[in-house]
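Visitor: following is a predicted model, sequence given first.
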Amino acid sequence: MAKQLITNFDFMRLRRAAVILSAILLTVSIGSLATLKLNVGIDFTGGTIIEVGYEQAVELQPIRELLQDNGYDDTIVQHFGSASEVLIRLVPDPEKDKAEVSSEIIRLLRANSDGRVEDRRVEFVGPQVGEELTEDGGLAVLYALIAILVYVAFRFEYRFSLGAVAALIHDVLITLGIFSLFRLDFDLSVLAALLAVIGYSLNDTIVVFDRVRENFRKLRKKTTIETVNYSVNQTISRTLMTSFTTLLVLLSLFFLGGEVIHAFALALIIGVVVGTYSSIYVATTTALALGISRSDLLLPEKEGEDPARP
Amino acid sequence: MVNRYAPWRYFLLVLIVVVGAVYALPNLYGEDPAVQISHRVNLIDEAELSLVQSLIDSENIDYRSIELEGNNILLRFDSEEGQLRAAGDIRALMEATDSRYTVALNLAPATPEWLAAMNALPMYLGLDLRGGVHFLMEVDMESAIEKSLQRTANELRSFLREEKQRYRAVQSDSDRIAIRFTDAAARDAARLVLEEEYRDYVFTDREDGRSWFIDVSYNETTLDEERRAAVEQNISTLKNRVNELGVAEPVIQRQGDSRVVVQLPGVQDTVRAKEILGATATLEFRLVHGSFTDWSAAQATGKAPIGARLYTQSNGDPVLLKRSVIATGDQVVGAASGIDQQSGTPDVTITMNAKGADRMAEITRDNIGKPMAVVFIEDKFEFEEIDGELRPKRRTDTEVINVATIRDQLSKRFHITGLDSTREARDLALLLRAGALRAPMVIIEERTVGPSLGQENIDRGFMSVMVGFALVLVFMAVYYKVFGLVANLALALNLVLMVAVLSLFQATLTLPGIAGIVLTVGMAVDANVLIFERIREEIRLGNTPQAAIFAGYEKAFGTIADANITTFIAAIVLFGFGTGPIQGFAVTLMIGIASSMFTAIFGTRAVINLIYGRKQVTRLAI
């Protein structure tokens, strides 16, 4: 019947290697999150960011000194995008964190500059807002995972559901781990990206599971491992294609979308790469380890006709 | 086997393409610089229209059009220069005649009339794209309740007096009012009449050995009611203040129980906007108690006599003022700043409402020759750590700006002086006009984007969508040949439909929204990839081209539906938890999922059927 498949790769043979790879990645990620922590932005900690634009390139040292002389001791001053744009970050300080601070600093910079100083962006987040956001953000991820767990359990089977969620936790942890390890800024847009990663990775996993289910019902002679292998082979070209087109778009966002969207695009790029890998290995491996077998996915009405179980 | 779609399906597809294209179209037209003139109370009519028109004509400013649009006059210009010149001239003319006119700079969509007539309008650009200010403000509820208790205390005082009850003092603090009596009999009598009249309050008896008290507090319903009223009145005051600032299309909305979101597109001077929005400055008029010797004695001991309170004058001297207030800033209906003719210092002319004017007349008539004080009250905030949690803490600055002898009976209109600068006089007049905040508010989040950064964000967002889109189109065409080209058609239609739906809902397009669109473009291909891979598979299995197409679409559908529904669930959760920008992302994602399902399955099938469905095909270009 079948002429020939494009790929006939024994994915499941590499299962052990994948488990080891995932274990290493997860250990490093969790270790990094525990020791280095996340470099969370003011969205979560509260604080002030001011971005100003000068007419020409400016030196940072005089700005630092100016701020220090006026009582703003804990500031980080850096160029942003180009040498004429300056980003000032105020270390959160409950006594000084007020909406008025940014106005004072802009006035100060204007008074001490010959040319125009344009306020390009001000972000101020009060301490209580930051705290809430951290809580709400964590809860959102949790709720998303629970909602998905329920839906997949309902559509497939609970072991698939656990497999899918294991893959998602895997993706989220590793993406967070990379952000922690490389000290990348974790802000609100990265949290949004993380939730999008969950959606994306899930999409991939469901496609593979869908095939596994179909093949379990169709190919009665094969073992469970063979069936999973066959299914992954059938879907691999689609998985790679979709990841590739999504990456094309994300790379365009990363390189052309501007500084503000940089972290967002990066989180998604990491998430898509890890998500592609996890939908092949983590999701199915977990489902297999939990003892998924053909009988679990047979349609109810067929069970009576086919009492023989492998 | 043949693959055919019934004619009605093609009709439906064409209809959706046309409707989608029409509603997406307004986004291509851009915006005109414009000036918008409105009045806070009255409707604007033809008379004002011709007045403005003749002014602009006489000043020789080129404009594109002038029209009445709802309750506004909208003037469009070809250049920003004309817009700015005209706005200055119109403001000088209109605001001099009536300060309730608002002249605001605006960007008006340049949508052609035939599109606007069909309600086809462009998407609304978010603050991160057009520039502007976003504030999240929190109402200080404790002080809202405290202020309400003060008002109630005043009311109880006059009620008890009218009922001829013998009480010693009525004093309010942060959560209750204490009424003091000299004996138990007086208290019990008062309690009876109070309970009869005020059913929403909770009364409790208390004794401390020397005096007898009734403690009055609010029950839960009244507390909720007071909190709700505080937020609502603050919102309406903020709206008035924003109008005074001259901002077009502001958003002022309640968020949660105690918060208000304020969005001001296109505001240039964010520093001033911040000062005006959060300002709580208001006035109180009180009679002076005693003489200078009493004041110094009170300052030395730190204790004020019964019925009086110790204040500081602007020169640092102490002064005692009577506890009961003659009038407050809430009773002011009009205020204009100017220069006092006699002293040459800045002053504010105040117009009171009927109730305030009556009381002012009554008290000043009875107290001619005695001094009266004007108290300037302003709330300031700082953060304080309480039990490891940071809470905003209020500090009220009160200053007696003026003590003057009452020479004559005052009534509806009068002047006050003693302000430090013309700027202070102008801001005070603005705040009195716009109404007081019922409770102080603190800005707990600010996001400001300057206009040039906004433009940059638009350009970059547009660029990245276009490049990403083009890359995907090329790749699909190369990899799937004819089928790839069909998928590209679907992808283009998907983009058009997303823009159309977003425009139709008048959704706000933000940078994360653009990211959502880009991401959806990438993921929308997925459905087609699934279908095409299935068709290839079916062909490898030896099926005929027609059967392969049929089976490909059939079998892929379940997978596509499952995958998209799960992503949709993630988007819903995202929307539910999200704040503004994240919600924008979630909405575009949801719309994208829905429209990509339609275009990638139904749309491509229709075209594929048209190409291959009717004839005998031996090979598919896939």
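Guide: Done, it's in.

Visitor: from now on I want contacts and neighbour counts done on CA atoms only, so please keep to that.
Guide: Fine.

Visitor: any idea how far whichever helix in chain B runs longest is from the middle of the chain?
Guide: Across chain B, the helix with the greatest residue count (assigned by DSSP state H) is helix B:451-504. Here helix B:451-504 shows a centroid-to-chain-centroid distance of 33 Å under the convention Cα atoms, centre = their mean, to the nearest Å.

Visitor: so how far is the helix or strand following that helix from its chain's centroid?
Guide: Of the helices and strands lying after helix B:451-504 in sequence (DSSP states H and E), the nearest is strand B:508-509. A distance of 16 Å separates the centroid of the chain from that of strand B:508-509, by Cα atoms, centre = their mean.

Visitor: what comes into contact with strand B:508-509?
Guide: Taking contacts as Cα atoms under 8 Å, 6 or more residues apart in numbering or on different chains, the residues outside strand B:508-509 that touch it are B:M123, B:Y124, B:L125, B:G126, B:L502, B:G584.

Visitor: hey, where'd the strands end up in chain A?
Guide: Listed in chain order, the strands of chain A (DSSP state E) span A:39-40, A:47-54, A:75-80, A:82-90, A:117-125, A:185-186.

Visitor: want to throw those strands into TSV with distance to chain B?
Guide: Formatted as TSV, the entries for the strands of chain A read as follows, by distance: least, Cα to the nearest Cα, whole Å:
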stretch	distance to chain B
strand A:39-40	17
strand A:47-54	9
strand A:75-80	12
strand A:82-90	11
strand A:117-125	4
strand A:185-186	15
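
Visitor: okay, now the domains of chain B?
Guide: B:7-26+B:451-613, B:31-109, B:142-222, B:279-448 (automatic domain parsing).

Visitor: no no, chain A
Guide: Residue ranges for the structural domains of chain A, counted by automatic domain parsing, are given in the record as A:12-40+A:129-296, A:47-125.

Visitor: still on that earlier bit, between the longest helix of chain B and strand A:117-125, how many degrees?
Guide: Orientation note: helix B:451-504 sits at an angle of 60 degrees relative to strand A:117-125 (axes from the mean of the first three to the mean of the last three Cα atoms, to 10 degrees).

Visitor: got the angle for helix B:451-504 vs strand A:47-54?
Guide: Using the same axes, to 10 degrees, the interaxial angle of helix B:451-504 with respect to strand A:47-54 works out to 110 degrees.

Visitor: before we move on, back to that, deepest-packed of the domains of chain A, please.
Guide: domain A:12-40+A:129-296 (a mean of 20; mean count of other Cα atoms under 10 Å in any protein chain shown).

Visitor: please spell out which residues along the helix or strand where B:R433 lies are buried.
Guide: Element membership of B:R433 [criterion: DSSP H and E] is helix B:422-434. Burial within helix B:422-434, assessed by neighbour count using 16 or more other Cα atoms under 10 Å in any protein chain shown, is assigned to B:T422, B:A425, B:R426, B:D427, B:L428, B:A429, B:L430, B:L431, B:L432, B:R433, B:A434.

Visitor: quick one, which of the strands of chain A gets closest to B:A108.
Guide: When those are compared by Cα to Cα, strand A:117-125 sits nearest B:A108, at 22.9 Å.

Visitor: what mean pLDDT does the closest one have?
Guide: Average pLDDT, strand A:117-125: 85.

Visitor: elements contacting it?
Guide: With contacts defined as 3 or more Cα pairs under 8 Å, 6 or more residues apart in numbering or on different chains; DSSP states H and E, strand A:117-125 has these neighbours: helix A:42-45, strand A:47-54, helix A:99-111, strand B:441-449, helix B:451-504.

Visitor: got the angle for that strand vs strand B:441-449?
Guide: Going by the same axes, to 10 degrees, strand A:117-125 makes 130 degrees with strand B:441-449.

Visitor: circling back to that earlier point, who wins for neighbours among the contacts of strand B:508-509?
Guide: Counting neighbours by other Cα atoms under 10 Å in any protein chain shown, the top entry in the contacts of strand B:508-509 is B:G584, with 24 neighbours.

Visitor: the helix or strand harbouring B:N234 to strand B:441-449, inter-axis angle?
Guide: With elements taken from DSSP H and E, the one containing B:N234 is helix B:220-245. Interaxial angle of helix B:220-245 relative to strand B:441-449 (the same axes, to 10 degrees): 40 degrees.

Visitor: helix B:220-245: which residues count as buried?
Guide: Per 16+ other Cα under 10 Å, helix B:220-245 contains these buried residues: B:223, B:226-227, B:230-245.

Visitor: tell me the angle it makes with helix B:422-434.
Guide: In this structure, helix B:220-245 runs at an angle of 130 degrees to helix B:422-434, with the same axes, to 10 degrees as the basis.

Visitor: how far does helix B:220-245 sit from its chain's centre?
Guide: Taking mean C-alpha positions (Cα atoms, centre = their mean), helix B:220-245 and its chain are 12 Å apart.

Visitor: mind jotting down where the strands sit in the stretch 201-350 of chain B?
Guide: When secondary structure is read from DSSP state E, counting those that start in this stretch, the stretch 201-350 of chain B shows strands at B:201-207, B:212-218, B:251-255, B:259-265, B:282-288, B:308-312, B:318-328, B:332-339, B:346-352.

Visitor: avg pLDDT for the strand or helix carrying B:A551?
Guide: Using DSSP H and E, B:A551 maps to helix B:545-577. Averaging pLDDT along helix B:545-577 gives 85.

Visitor: what of stretch B:206-226?
Guide: For stretch B:206-226, the per-residue pLDDT averages 89.

Visitor: what's the span of it from first residue to last?
Guide: Length of stretch B:206-226, first residue to last, Cα to Cα, to the nearest Å: 26 Å.

Visitor: ok, for residue 246, nearest residue in space, not its chain neighbours?
Guide: Reading this off chain A. Beyond its immediate neighbours in the sequence, the residue positioned closest to A:T246 (Cα to Cα, 6 or more residues apart in numbering or on different chains) is B:G522, lying 4.2 Å away.

Visitor: hmm, no, I was thinking of chain B.
Guide: In space, B:G246 is closest to B:A104, 4.7 Å off (Cα to Cα, 6+ apart).

Visitor: sorry, back to before: can you name every helix or strand that the next helix or strand after the helix holding B:A551 contacts?
Guide: Next helix or strand after helix B:545-577 toward the C-terminus (DSSP H and E): helix B:580-597. On a contact count with 3+ Cα pairs under 8 Å, 6+ apart, helix B:580-597 meets helix B:451-504, helix B:511-540, helix B:545-577.

Visitor: excluding its backbone neighbours, what's nearest the spatially most central residue of chain B?
Guide: Within chain B, the residue whose C-alpha comes closest to the C-alpha centroid is B:I252; the distance, by Cα atoms, centre = their mean, is 1.7 Å. Ranked by Cα to Cα, 6+ apart and with sequence neighbours excluded, the top spatial neighbour of B:I252 is B:V262, at 4.6 Å.

Visitor: wait, that neighbour sits on B:Q253?
Guide: Yes. Counting by Cα atoms under 8 Å, a contact exists between B:V262 and B:Q253, whose distance comes to 6.6 Å.

Visitor: what bits of chain A have low per-residue confidence?
Guide: Across chain A, residues meeting the criterion (pLDDT under 70) sit at A:1-7, A:93-97, A:297-310.

Visitor: chain neighbours aside, what residue packs nearest to A:L248?
Guide: Once its chain neighbours are removed from consideration, A:L248 has its nearest residue in B:G468; the separation is 6.2 Å (Cα to Cα, 6+ apart).
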